[in-house]
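Engineer: Build me a structure from this.
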Amino acid sequence: MDAGSGGSVAIGHQALYSGTQNYQDVAIGYNAGRKVTGSSANNVFIGSAAGPSTAAAMSNQLYIHNAEGTPLIAGDFSAGTVTIDGILSATAKSFNIEHPLYKDKRLVHGSLEGPEHGIYIRGSIESKEYGCEIELPEYWDVMCEDYSVQLTPHGPYTVYIKEKQKDKVMIACTSKDYKFDYYVVGSRTDETLEVVQDG
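Structural biologist: Numbers count the residues shown, from 1 in each chain. I've put the predicted structure just below:
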């Protein structure tokens, strides 16, 4: 049904029923978008009670959920962003962007996949001492218990791991003046992945 002269559409008991005028909003579901007030415009609410948990004016927002508050799927049409409050599964994942060099083409890359949810850091270190440290982010030991380190020297010397700790990696080298690239990757402990599942 038409929810008002502002061109909004509401389907469901008290959908968009805030007592104020909304403009070009769409609400589908019981109480969907009910707490959107004032000069709200161009929003989409799908699901029972989908929308904010407190009365507020908003524009260009997407709520897909079956309750008030943080939605399972949220979007901002003006910013072109989508947020998923849960686990996303897909047969294949990729990004598709404008080609940075050729305006008439697109650049498409597939996502790297593996049997874990991983985190990584990488960088380069230049040192004039026989030993140095790779400092890990402060959140690292909370999110990751086990990690691997790859080192690539920039010269004819040997760079190696002296000791791995929760917050840093101790590095040693056969030369006193050296430079190397590092790549540290670990498996997240806050998310587990069942690799083989029943079909």
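Engineer: Show the contacting residues for Gln97.
Structural biologist: For residue 97 the amino acid is Ile, not Gln. Ile97 is in contact with Arg106, Leu107, counting by CB atoms under 8 Å, 6 or more residues apart in numbering. C-beta coordinates here come from the backbone N, C-alpha and C atoms, glycine included.
Engineer: before we move on, which element is it in?
Structural biologist: Per DSSP states H and E: Ile97 is located in strand 94-98.
Engineer: pLDDT averaged over that strand - what is it?
Structural biologist: Across strand 94-98, pLDDT averages out at 92.
Engineer: Can you tell me the strand partners of it and which way each runs?
Structural biologist: Paired strands of strand 94-98, with direction, are strand 106-110 (antiparallel) (DSSP bridges).
Engineer: Check which element follows the partner strand along the chain.
Structural biologist: Next along the chain after strand 106-110, taking DSSP H and E as the criterion, comes strand 118-127.
Engineer: So which residues of the protein form helices?
Structural biologist: Secondary structure of the chain by DSSP state H: the helices cover 140-143.
Engineer: who's the spatially most central residue of the chain bridged to?
Structural biologist: Here the mean C-alpha position of the chain is nearest to the C-alpha of Thr83 (CA atoms, centre = their mean), at a distance of 7.2 Å. Using DSSP bridges, the beta-bridge partners of Thr83 come out as Ala74.
Engineer: Surely it and Ile64 touch.
Structural biologist: No. Look at Thr83 against Ile64 with CB atoms under 8 Å: they stay out of range, at 10.7 Å.
Engineer: Which neighbours do these two have in common?
Structural biologist: Ile73, Ala74.
Engineer: how does this structure divide into domains?
Structural biologist: Structural domains annotated on the chain: 1-89, 118-188, as defined by automatic domain parsing.
Engineer: what's the neighbour count on Ser124?
Structural biologist: 10 (other CB atoms under 10 Å).
Engineer: quick one, what contacts it?
Structural biologist: Contacts of Ser124 by CB under 8 Å, 6+ apart are Lys179, Phe180, Asp181, Tyr182.
Engineer: before we move on, what about Gly118?
Structural biologist: With the criterion set at CB under 8 Å, 6+ apart, Gly118 makes contact with Val185, Gly186, Ser187, Arg188.
Engineer: For it, give its distance to Leu112.
Structural biologist: 9 Å (CB to CB, to the nearest Å).
Engineer: shaky segments in this structure?
Structural biologist: Applying pLDDT under 70 to the chain picks out residues 1-5, 19-21.
Engineer: And the strands in it?
Structural biologist: Using DSSP state E, the strands of the chain run over residues 9-11, 26-28, 44-46, 61-64, 73-76, 81-84, 94-98, 106-110, 118-127, 131-135, 144-153, 159-164, 168-173, 178-188.
Engineer: okay, these in CSV with distance to Arg34 next?
Structural biologist: Formatted as CSV, those follow (distance: least, CB to CB, whole Å):
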stretch, distance to Arg34
strand 9-11, 9
strand 26-28, 8
strand 44-46, 9
strand 61-64, 11
strand 73-76, 17
strand 81-84, 22
strand 94-98, 36
strand 106-110, 41
strand 118-127, 40
strand 131-135, 49
strand 144-153, 42
strand 159-164, 54
strand 168-173, 52
strand 178-188, 37
